[in-house]
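J.: Here you go, sequence then predicted model.
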Amino acid sequence: MAQFTLSDHDFDAIIFDCDGTIADTLPVHYLTFKEALGELGHTLEEDWYHARTGLSGGKLFVAYEQAHGVTLDGDALLKRSSVLYENHLDTLREHGFTADIARSQFGHVPMAVASAGQKDVVKATLKTLDLFELFEHVVTVEDVQHPKPAPDLYLLAAEKLGIPPHRCLVFEDTDEGLEAARAAGMNAVDVRPFTTGGK
């Protein structure tokens, strides 16, 4: 596995993505989206989903509509997915690489989570993994007008932390998220080389 040294980076705050970065939630999200769509008679192929994991749930359902020529009630599906997600919290795992960085920096630098997920789901994830208390702020897709790859989530997180964007270090696991962080003027670490296999 790749090597990483935090001291190689210069920063005053750290902002983490949640899904796929600090928490290995992708298997759980796949299950919940598959179940929610299945209740409506639709199937969700795993390969198709994994190619679009950087999308918010709302954008994912729009992409599904376009790819499959169907019409969905995205808001209803998001609400149903949120309920189903709670049924699978016992299968959640952290990504040790990133979670350990958050633990090691707690009390040393301000930290936040900036996620394209729904706030209740993100908070439930962090609380289940005993990570929620590490972060001063949790901002999610409901808090901004434009989700990733727009920079809005990361800019809002920096604003809440009171740290200039260029002094924030971001940990991300998707191309859309990395694009969002860089568009916000932040240095970003792609965690994928370090989280292979999870923990």
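T.: Okay, I see it.

J.: for this structure, what spans make up the strands?
T.: Taking DSSP state E to define them, one finds strands in the chain at 13-16, 111-114, 137-139, 168-172, 187-190.

J.: I'd like those as JSON lines, with mean pLDDT and distance to Gly57 appended.
T.: The way it works is simple: take the backbone N, C-alpha and C, and place the C-beta from them, glycine included. Formatted as JSON lines, the strands of the chain follow (pLDDT from 0 to 100; distance: least, C-beta to C-beta, whole Å):
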{"stretch": "strand 13-16", "mean pLDDT": "98", "distance to Gly57": "19"}
{"stretch": "strand 111-114", "mean pLDDT": "98", "distance to Gly57": "16"}
{"stretch": "strand 137-139", "mean pLDDT": "98", "distance to Gly57": "16"}
{"stretch": "strand 168-172", "mean pLDDT": "98", "distance to Gly57": "18"}
{"stretch": "strand 187-190", "mean pLDDT": "97", "distance to Gly57": "22"}
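
J.: Tell me where the protein is predicted with low confidence.
T.: By pLDDT under 70, the weakly predicted segments of the chain are 1, 196-199.

J.: before we move on, the earlier item: as a markdown table, the strands of the chain with mean neighbour count would be great.
T.: Output for the strands of the chain, formatted as a markdown table (neighbours: other C-beta atoms under 10 Å):
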| stretch | mean neighbour count |
| --- | --- |
| strand 13-16 | 27 |
| strand 111-114 | 28 |
| strand 137-139 | 21 |
| strand 168-172 | 26 |
| strand 187-190 | 19 |
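
J.: Can you add distance to Ile22 and give those strands back as a markdown table?
T.: Below are those laid out as a markdown table (distance: least, C-beta to C-beta, whole Å):
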| stretch | distance to Ile22 |
| --- | --- |
| strand 13-16 | 5 |
| strand 111-114 | 7 |
| strand 137-139 | 11 |
| strand 168-172 | 7 |
| strand 187-190 | 12 |
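
J.: how about those strands, which one is nearest Thr5?
T.: The closest approach between Thr5 and any of those, judged by C-beta to C-beta, belongs to strand 187-190 at 11.0 Å.

J.: C-alpha coordinates for stretch 5-16, CSV please?
T.: Extracted in CSV, the C-alpha atoms of stretch 5-16 (Å, rounded to 0.1, in the frame of the first residue of the first chain):
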residue,chain,number,x,y,z
THR,A,5,3.2,11.4,5.7
LEU,A,6,1.0,14.2,7.1
SER,A,7,4.0,16.4,8.0
ASP,A,8,4.7,16.7,4.3
HIS,A,9,1.7,19.0,4.1
ASP,A,10,1.3,22.5,5.4
PHE,A,11,-2.2,23.4,6.7
ASP,A,12,-4.2,25.1,9.4
ALA,A,13,-7.4,22.9,9.1
ILE,A,14,-8.4,19.5,7.7
ILE,A,15,-11.7,18.8,5.9
PHE,A,16,-12.7,15.2,5.2
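
J.: According to the record, where do the domains of this protein fall?
T.: Domain assignment of the chain by automatic domain parsing yields the ranges 6-25+92-195, 27-90.

J.: Of these, flag the one that's most buried.
T.: For the domains of the chain, average neighbour numbers computed from mean count of other C-beta atoms under 10 Å are highest in domain 6-25+92-195, which has a mean of 20.
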